[in-house]
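Asker: next one to model:
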Amino acid sequence: QVHLVESGGGSVQAGGSLRLSCAGFGSISSRGCMGWFRQAPGKDREWVADIISGSSMTAYRDSVKGRVTISEDSATNTLYLQMNKLKPEDTAMYYCAGGSGWCPDINSYHDWGLGTQVTVSS
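Answerer: Got it, this is the predicted structure:
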């Protein structure tokens with residue numbers, strides 16, 4: 001069983017940056033989909049970005065394109081989410097996940113972390 005652990009969340013002002021990390025994948029060289037999701041209070045969990053392990057193929061939801069970068073480090077088996085130019089609407093609990101299939105689909109994921117909170121103030 002995979003235990004994913006996110007870190008790096010915090011409180012920042014609008015325009016600031018945060019780098020989220022996710023450990024616990026084991027060997028990520030052939031993990032398939034690795035993704036970041038977020039859930040704001042009262043809203044459904046939504047896909048933010050994904051990367052196909054070992055391929056450098058990434059995808060982003062439109063609202064974060066140009067501000068967010070997903071990456072993986074195969075040496076440390078760590079998944080990252082660099083977030084720049086943060087906006088108040090980015091405020092949410094952020095989760096990393098691992099799965100297979102069509103990566104933007106939340107139903108493709110079966111391994112989840114417990115989340116790290118990101119709060120952006122205006």
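Asker: first-to-last residue distance for stretch 103-122?
Answerer: 32 Å (CA to CA, to the nearest Å).
Asker: okay, buried residues for that stretch please.
Answerer: 103-104, 108-109, 111-113, 115-116, 118, 120 (16 or more other CB atoms under 10 Å). For the C-beta atoms, the positions are set from N, CA and C on the backbone; glycine is no exception.
Asker: how close does Thr78 get to Ala23?
Answerer: From Thr78 over to Ala23 the distance is 5 Å, taken as CB to CB, to the nearest Å.
Asker: wait, doesn't Ala14 sit right on Val120?
Answerer: Yes. Using CB atoms under 8 Å, Ala14 is in contact with Val120, at 5.8 Å.
Asker: common neighbours of those two, please.
Answerer: The contact sets of Ala14 and Val120 overlap at 86-88 (CB atoms under 8 Å, 6 or more residues apart in numbering).
Asker: would you write a ChimeraX line that selects the buried entries of the residues you listed?
Answerer: Of these, the buried ones can be selected in ChimeraX as follows, counting by 16+ other CB under 10 Å:
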select :86
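Asker: okay, the shared contacts of Ala14 and Val120 in TSV with distance to Ser53 next?
Answerer: Compiled in TSV, the shared contacts of Ala14 and Val120 are given as follows (distance: CB to CB, whole Å):
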residue	distance to Ser53
Leu86	26
Lys87	29
Pro88	32
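Asker: give me the residue at the spatial middle of this protein.
Answerer: For the chain, the residue nearest the mean C-alpha position is Trp36 (2.3 Å; CA atoms, centre = their mean).
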